[in-house]
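*Asks:* here you go, sequence then predicted model.
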Amino acid sequence: MPFQIVVDSASDMPRDLAEKLGIVVVPMPVNIDGVTYAEGIDIFPDKFYANFKDYKELPKTSQPNLNLLKDAYEKVLAEGKEVIAIHLSSGLSSTCQTAVMVREMCSASEKIHIIDSLGASLGFGLQAILASEILKHTDTWQEIEPQIMEIKNKMRYIFTIDTLEYLVKGGRLSKTAGFVAGLLDVKPILHMNTEGKIDVFNKVRSRKAAIRKLIEIMKNEIVEAEKQVIGISHSACLEEAKALAEEIKNTLPVKDVIISDIGCVVGSHVGPGTLALYYQSVPKM
């Protein structure tokens, strides 16, 4: 193929799947109590969540290292291919801004195509997975771009979370939303809005109700379920993710369901106990 997809590790793509599809994953940094780790290289979800409550302060994240990102792009260019770089939402991170800057430092900037996913975790990983299918049948950017943009605009992100504390502390959600949820002792249903930011979408009274609500919302919104690969990601709640996958398979004729860990970058902001669901719906307005 004349193109190769590059993502950052906040896409939370299963490693074996990324390797199978030839998708390059650039590690993102996570700073834990003053020590910086490269996600997927020297820090992994199992250890990260096991120790989460023992951290002295909330882990901090930042955009990918400029040199690592440049090296990833240049390696693709050196192989005679063009880069399709799909990155973490600009509504949550400066990663896309960094990618645009790095593109101008590269040897053939016109062959590097930067896409702001407006998403996070496996939701934008799913964008890359579906884009890889497009590349099997299309070989010009003029044909590829509108198809990838359609996937991006149809991608839906809904999730439930144990506590809004970490999102509020990290500045990814307003203090008002966190206060209301805490005051009413509810389990929030969150989503990514059209600006690629996190909003409260609904509220229920219990964890079980929240998981049922995720399925209900998806059933109401999903289009052409029989053509879809569904994504589920979780932070240290694998059994719930598996049960959610089984429920989806039993009630909708989807092609497949992919389950992944929420990695350390996204997990720094949502904490343990997050369960997220990704699928294609009507285009974002």
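*Replies:* Cool, the structure landed. Residues are numbered from 1 along each chain as shown.

*Asks:* give me the most central residue, this structure.
*Replies:* Nearest to the mean C-alpha position of the chain, counting by CA atoms, centre = their mean, stands residue 121 at 1.8 Å.

*Asks:* can you pull out the helices in this structure?
*Replies:* 15-21, 45-50, 66-78, 95-103, 122-135, 141-154, 165-169, 175-184, 207-221, 238-251, 264-270 (DSSP state H).

*Asks:* least confident of those helices, on average?
*Replies:* The minimum mean pLDDT among the helices of the chain belongs to helix 175-184 (a mean of 53).

*Asks:* got the contact list for stretch 88-96?
*Replies:* Residues outside stretch 88-96 that contact it (CB atoms under 8 Å, 6 or more residues apart in numbering) are 8, 10-11, 28, 61-64, 87, 97, 114, 116-120, 124, 172, 192-193, 195-198, 265, 269. C-beta here means a position set from N, CA and C on the backbone, and glycine is covered the same way.

*Asks:* what's the separation between the residue nearest to the centre of the chain and residue 269?
*Replies:* The gap separating residue 121 from residue 269 is 10 Å, by CB to CB, to the nearest Å.

*Asks:* try residue 124
*Replies:* Using CB to CB, we find residue 124 at a distance of 15 Å from residue 269.

*Asks:* what's the answer for residue 187, then?
*Replies:* Residue 187 sits 18 Å away from residue 269, going by CB to CB.

*Asks:* neighbour count for those two, which is higher?
*Replies:* Using other CB atoms under 10 Å as the criterion, residue 187 and residue 269 rank with residue 269 on top: 25 against 21.

*Asks:* wait, the more buried one touches residue 166, no?
*Replies:* Yes. Counting by CB atoms under 8 Å, residue 269 sits close enough to residue 166 to count as a contact (5.7 Å).

*Asks:* and for residue 259, the neighbour number?
*Replies:* By other CB under 10 Å, 16 other residues sit near residue 259.

*Asks:* what does residue 28 give?
*Replies:* 28.

*Asks:* ok, it - contacts?
*Replies:* Residue 28 touches 8-10, 38-39, 61-64, 88, 95, 265, counting by CB under 8 Å, 6+ apart.

*Asks:* residue 272 too?
*Replies:* By CB under 8 Å, 6+ apart, the contact set of residue 272 is 49, 52, 162, 235-237.

*Asks:* nearest to residue 278, of those?
*Replies:* Nearest to residue 278 among the contacts of residue 272: residue 235, at 14.7 Å, using CB to CB.

*Asks:* who's in contact with the closest one?
*Replies:* 45, 49, 261-262, 266-267, 270-274.

*Asks:* hmm, try it at 10 Å
*Replies:* By CB atoms under 10 Å, 6 or more residues apart in numbering, the residues touching residue 235 are 12, 45, 48-49, 52, 121, 159, 161-162, 241, 261-264, 266-267, 270-276.

*Asks:* gap between the closest residue to residue 247 other than its chain neighbours and residue 208?
*Replies:* Closest residue in space to residue 247, ignoring its immediate chain neighbours: residue 215 at 6.0 Å, by CB to CB, 6 or more residues apart in numbering. Here residue 215 is placed at a distance of 11 Å from residue 208 (CB to CB).

*Asks:* the more surrounded of these two?
*Replies:* Legend: neighbour count by other CB under 10 Å for residue 215 and residue 208, higher for residue 215 (16 against 11).

*Asks:* how near is that one to residue 243?
*Replies:* According to CB to CB, residue 215 and residue 243 sit 11 Å apart.

*Asks:* doesn't residue 58 make contact with residue 169?
*Replies:* Yes. At 5.5 Å, residue 169 and residue 58 qualify as touching, with contact defined as CB atoms under 10 Å.

*Asks:* what is in contact with the two at once?
*Replies:* What both residue 169 and residue 58 touch, as defined by CB under 10 Å, 6+ apart, is the set 269, 271.
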